[in-house]
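A.B. asks: Give me coordinates for this.
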Amino acid sequence: GEWGGGGARAMETWQSKWEPPRPVHRNPCLVVGCADAEALKKAFGEYGSVKEVFAPEGQTFAFVHFEDKYDAEVAMKSLDGQQIAGQSVKVTDGKCANAEVAKWRAGLVAKAQAA
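C.D. replies: Have a look, this model is predicted:
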């Protein structure tokens, strides 16, 4: 046969088809230092299609959601420490704990309880 003298044929195993998983995603990105939704959409839009930018009123941070979560990874690495709308920004993983966000959320809860 085509394999020569009936030697061991390569087995079709899951190992032969295995692909390493894609890197952990960072969707949404948390941007601290700029809450200009339009500017953020434009800056992050360079790295992929932005689904939405959520900038809570009166805050200095915003969340940027990408259509493809892996675009968020690239954007985060590229934009961290850059300037957006003339403001220096820090871009981190929006799923991780952040003091500013925690403070804002605590404020929301307090407001809701006072209402």
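A.B. asks: quick one, strands of the protein?
C.D. replies: In the chain, the segments counted as strands under DSSP state E are 29-32, 50-54, 61-66, 83-84, 87-88, 90-93.
A.B. asks: May I ask you to name the longest helix in the chain?
C.D. replies: If you go by DSSP state H, the chain has its longest helix at helix 99-114.
A.B. asks: What are the buried residues along that helix?
C.D. replies: For helix 99-114, burial by neighbour count (16 or more other C-beta atoms under 10 Å) applies to Val101, Trp104. For the C-beta atoms, the positions are set from N, CA and C on the backbone; glycine is no exception.
A.B. asks: what angle sits between it and strand 61-66?
C.D. replies: 100 degrees (axes from the mean of the first three to the mean of the last three C-alpha atoms, to 10 degrees).
A.B. asks: now the end-to-end length of stretch 54-65.
C.D. replies: 8 Å (C-alpha to C-alpha, to the nearest Å).
A.B. asks: Mind listing what's buried along that stretch?
C.D. replies: Buried residues in stretch 54-65, counted by 16+ other C-beta under 10 Å: Ala55, Phe61, Ala62, Phe63, Val64, His65.
A.B. asks: Reformat those residues as CSV; add distance to Gln87 and pLDDT.
C.D. replies: Listed next are these as CSV, based on distance: C-beta to C-beta, whole Å; pLDDT from 0 to 100:
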residue, distance to Gln87, pLDDT
Ala55, 13, 95
Phe61, 11, 96
Ala62, 11, 96
Phe63, 16, 96
Val64, 15, 96
His65, 20, 95
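A.B. asks: ok, residues contacting stretch 103-114?
C.D. replies: Residues from elsewhere that reach stretch 103-114 (C-beta atoms under 8 Å, 6 or more residues apart in numbering): Pro56, Gln59, Phe61.
A.B. asks: and if we set it to 7 Å?
C.D. replies: Residues outside stretch 103-114 that contact it (C-beta atoms under 7 Å, 6 or more residues apart in numbering) are Pro56, Gln59.
A.B. asks: Count the neighbours of the residue nearest to Lys90 when sequence neighbours are not counted for me.
C.D. replies: Nearest non-adjacent residue to Lys90, counting by C-beta to C-beta, 6 or more residues apart in numbering: Val32, 4.6 Å away. By other C-beta atoms under 10 Å, 19 other residues sit near Val32.
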